[in-house]
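> Mind folding the following:
(chains A and B)
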Amino acid sequence: MRALPFVAGMMLASAAAAETPVLTVYAPDYFASDWGPGPGIEAAFEAQCGCDLQYKTGELLPRLLLEGANTEADVAIGFNSDITKKARESGLFAAHGLDTSGLTLPIDWADDTFVPFNYSHTAFIYDNTKVETALTSFDDLLNAPDDLRLVIQDPRSSISGLALVLWVQNVYGDKAEEAWSKLAPKIVTVTKGWSESYGMFTDGEADMVLSYTTSPAYHIIAEEDLTKSAAIFDEGHYFMVELAAKLKGTDQSDLADQFMGFVLSREFQSMIPTSNWSFPAALAENEWPEGFQALPMPEKVLFYSEDEAAALRSEAIEAWRRALSQ
Amino acid sequence: MASRVVTIITALIVAGMVLVPVAAVLWRGGGLSGLGPGDWAALRFTIWQAALSALLSVGLAIPVARALARRSFAGRSALIALMGAPFILPVIVAILGLLAVFGGKGLINQLLAPLGLPRLDIYGYHGVILAHVFFNLPLAVRLLLQGWLAIPAERFRLAASLNAPLWRVLELPMLRQLLPGAFAVIFVICLGSFAVALTLGGGPRATTLELAIYQAFRFDFDLGKAATLAGVQLCLGLVAGGVALRFAARDGMGAGLDRQVARWDGAATVSRVMDGVWIAFAASFLLVPLMAVALAGAPGLTDMPGVVWSAAGRSVLLALGATALTLMMALPLLTRAGEAAALLGISVSGLVLGTGAFLLLQPIVRPADVALPVTMLVNALMALPFVLRVLRPSLDSARQDFGRLGAALGLRGWPLWRVVYLPRMRRPLGFAAGLTAALSMGDLGVIMLFADGDSSTLPLQIYRLMGSYQMEAARGAALLLLSLSLGLFWVFDKGGRASADA
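Residues are numbered from 1 along each chain as shown, chains lettered A, B, ... in the order given. Below you'll find the predicted structure:
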């Protein structure tokens, strides 16, 4: 029983340093971890705001919806565009009022609430030393021999899995279920999240894994490992963007505005590639790290607006479920 | 009478801690919602896989526990300690460990291929069952082993001198007493499976209720549905618990002088060989994947960042706190009704429990401030059914065998416990404490909703590392987690055994 007061003491100590204004930023767990972009961004912002930036991590949207108007959050960062509809409908978020003309996204972005801070595309990653001819289209993948071992994420529990079914939906439309049936024998398994899949791939349990066009950059830059490539498909790749928004009920409105502006700043954006391992949303390509500039980019970018994504989601997941349950 | 009141109050508190949060989620979600066709399919699969997994785990545990009970060999106690390990690994690490052995490029396939034998494909329903047996066989073995070790030596001696069949007169009655409870606990654990079932099951055919709850919570934010599904899980758990506890026979073994004596049955070559085979089977099935985890983790151990170590410290504290809490709750609950109330704790979806607790606490305190106490409490709740399962048989027999003596000596209340019951229960108490501590190290529990940047636990750090491409460091951290859990388990378990043997 002695542990309890001790733990309570530890927590009191951590809450004690409060005099300077606190900006509370809700973020996904990966973002604020020591290996994500969070700590660098915190240090850079604190250097200019005279404030204390504190992250609160966890399931971003469920937590905000649970808390409703009582939320402590001033800013929330890390939304995915495929679920922003629900976030927008909550009415919890304020217009950002920023000039977004500096965005360098491959698609047009006009949203008065959610500001993009990084993007990537869904892609299948493979070991280029083990594959002789690279796949160049989704059709190639569907027609590949069935002993190609593919691992993907579940669209019902993972945002990248959801992006994949929307990708297939976009490429194959009414024929999506048929495409899934062709893909099914190659799919070794489906995992709850991205980490399980990627771990299986790096362990050699799968030849290809659903991940992002930017995944090879990690191996190239952090590990000097050039063997991982993203297969670039002619049909195009599904666009995934992460977003930040200011809370309407914030009691630090000015600081929140300042942070939202900071998101689009060069300082913030240049930290994104090698900490978030994705493309910055507002930084010219020639300012990207070399490893990123060298990445093969999809010629065509596929994307559903949040309304389209919301309307198509159930149907796309059902097509996936039916085909893979055979 | 007073002890009865304490029991009722504790049972109500435990049940309340589970039911009130679920009710809160249900209330917030606007009431019950209907189940779709996909949910019914998930329900059928959930029940089916949990029943089969529990049946196999318990069935295989019988010969293994029997062999361990009557053989002594070098490394026996180490083997028994290591057997607790699969249970506490973070799911993601355990999956990768299993795949290193049973996967497409795993050890078994590497051995089969040169022999020209067909490849083993682990993904499918059989994979789900295999993984669940991997997790739960050790638990079942330990529960049954307790039963074997609790048979008084005098009974064996008497049976041997009468040349009576040990199996029928001693072991079968003991098993009839223990098997239903062990089955129920494992069945309920498997009801909550999600990532393991999905990954080893090879796709959406292996969809469980827990996945549907996660989806309802995370993507649809349909709290009514999440709570409804959690309610279904709870009912399944309660039914299983109720049935099992009803069927469990309650005949005591009779009093002995309460000491351990070596057995002299099973000396025939056949039974020696068979025992050896069973022990070798269990050891290799459980330990080879663990070796894979350890080997994968060793290189990462050296370059682990400091936050991993501080998270490890926090996790150890959490585990110790949860252990103390669990034992405090367990002692008054060592009755049939108490055990039923405690089964609620593992029947309920951790996600829904966490969400409910969040809803209830959020108006009163900052959730991040209570992240660790809440996690500790939830871990304690989750461990409670195991602890009761471990402790109850030994308390029952101590009551039956020594209760009259205690009464004759005028012992009552706490002195009766202190002088008579607790010393009889040292071995299971040590085991139970070790199990709780180890479980609480490994459990990610509800911290996801409550956590802030500063109060992360070791399992959470492992997920963070994995989510940031740091696979090697994550494997290192997993090895650290494994070692700490085993260490805690060993210390408590050893403590219990040392005193019992004295």
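
> mind exporting whatever helix or strand B:Leu112 lives in as CSV, just the C-alpha atoms?
Here B:Leu112, judged by DSSP states H and E, is contained in helix B:107-112. Written as CSV, here are the backbone C-alpha positions of helix B:107-112 (Å, rounded to 0.1, in the frame of the first residue of the first chain):
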residue,chain,number,x,y,z
LEU,B,107,11.6,-22.1,-37.3
ILE,B,108,9.2,-25.0,-38.0
ASN,B,109,9.0,-24.2,-41.7
GLN,B,110,12.7,-23.8,-41.9
LEU,B,111,13.0,-27.3,-40.5
LEU,B,112,10.3,-28.8,-42.7
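
> and the host helix or strand of B:Thr46, which residues are buried?
Element membership of B:Thr46, judged by DSSP H and E, is helix B:37-70. Residues of helix B:37-70 classed as buried by neighbour count (16 or more other C-beta atoms under 10 Å in any protein chain shown): B:38-39, B:41-43, B:45-47, B:49-54, B:56-58, B:60-70. All C-beta spots, glycine's among them, are computed from the backbone N, C-alpha and C.

> Tell me how far the residue most central in space within chain A lies from chain B.
Most central in chain A under C-alpha atoms, centre = their mean is A:Glu242, positioned 5.4 Å from the mean C-alpha point. A:Glu242 sits 14 Å away from chain B, taking C-beta to the nearest C-beta, to the nearest Å as the criterion.

> Now do the helices in the stretch 201-326 of chain A.
Along the stretch 201-326 of chain A, the stretches classed as helices by DSSP state H, counting those that start in this stretch are A:215-223, A:253-263, A:266-276, A:290-293, A:306-324.

> Quick one: distance of the shortest one to the chain centre.
Its chain's average C-alpha position is 19 Å from that of helix A:290-293, according to C-alpha atoms, centre = their mean, to the nearest Å.

> For that helix, output the C-alpha coordinates as PDB.
Taking only C-alpha atoms (Å, rounded to 0.1, in the frame of the first residue of the first chain), the coordinates of helix A:290-293 have been written out as PDB:
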ATOM      1  CA  GLU A 290      17.800  14.600 -49.500                       C
ATOM      2  CA  GLY A 291      16.500  11.200 -48.600                       C
ATOM      3  CA  PHE A 292      12.900  12.600 -49.100                       C
ATOM      4  CA  GLN A 293      13.700  14.400 -52.300                       C
END
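
> which residues touch the helix or strand encompassing B:Phe87?
Secondary structure assigned from DSSP H and E places B:Phe87 in helix B:85-88. If you take C-beta atoms under 8 Å, 6 or more residues apart in numbering or on different chains as the criterion, helix B:85-88 is touched by B:94, B:134-136, B:138-139, B:286, B:289-290, B:438-439, B:441-442, B:481-482, B:485-486.

> can we see that at 6 Å?
Contact partners of helix B:85-88, identified using C-beta atoms under 6 Å, 6 or more residues apart in numbering or on different chains, comprise B:Phe134, B:Phe135, B:Pro138, B:Leu139, B:Leu286, B:Leu290, B:Ala438, B:Leu439, B:Gly442, B:Ser485, B:Leu486.

> so what's the fourth one up against?
If a contact means C-beta under 6 Å, 6+ apart, then B:Leu139 has B:Phe87 as its contacts.

> now do the third one
Contacts of B:Pro138 were listed using C-beta under 6 Å, 6+ apart, and they are B:Met83, B:Pro86, B:Leu286.

> Check the first one too.
If a contact means C-beta under 6 Å, 6+ apart, then B:Phe134 has B:Pro86 as its contacts.

> what's the pLDDT at it?
For B:Phe134, the pLDDT comes out at 93.

> what does the model give residue 217 for pLDDT?
Assuming you mean chain A. Each residue has a pLDDT score; the one for A:Ala217 is 96.

> Can you look at chain B instead?
pLDDT, read off for B:Phe217, is 86.

> For the helix or strand harbouring it, give me every contacting residue.
In the assignment (DSSP H and E), B:Phe217 maps to helix B:209-218. Residues outside helix B:209-218 that contact it (C-beta under 6 Å, 6+ apart): A:62, A:156-157, B:39, B:42, B:46, B:192, B:194, B:222, B:225-226, B:229, B:233, B:349, B:351.

> Next secondary structure after it?
Scanning the chain past helix B:209-218 towards its C-terminal end, the next helix or strand to appear is helix B:223-247 (assignment: DSSP H and E).

> check whether that following helix contacts chain A.
No: Helix B:223-247 lies apart from chain A when judged by C-beta under 6 Å from any C-beta of the partner chain; the minimum separation is 8.3 Å.

> Show me which residues of that helix are buried.
For helix B:223-247, the buried set under the neighbour-count rule, 16+ other C-beta under 10 Å, comprises B:223-234, B:236-238, B:240-241, B:244-245.

> What is the burial count for B:Lys105?
Residues lying near B:Lys105 (other C-beta atoms under 10 Å in any protein chain shown) number 16.

> no no, A:Asn128
Here the count is done by other C-beta under 10 Å, and A:Asn128 has 15 residues near it.

> Where does pLDDT dip in the stretch 51-200 of chain B?
Low-confidence segments of the stretch 51-200 of chain B, defined by pLDDT under 70, are absent; every residue clears the threshold.

> need the residues of it near chain A, please.
Taking C-beta under 6 Å from any C-beta as the criterion, the neighbours of chain A within the stretch 51-200 of chain B are B:Ile92, B:Leu96, B:Leu99, B:Gly103, B:Gly104, B:Lys105, B:Tyr123, B:Ala195, B:Leu198, B:Thr199.
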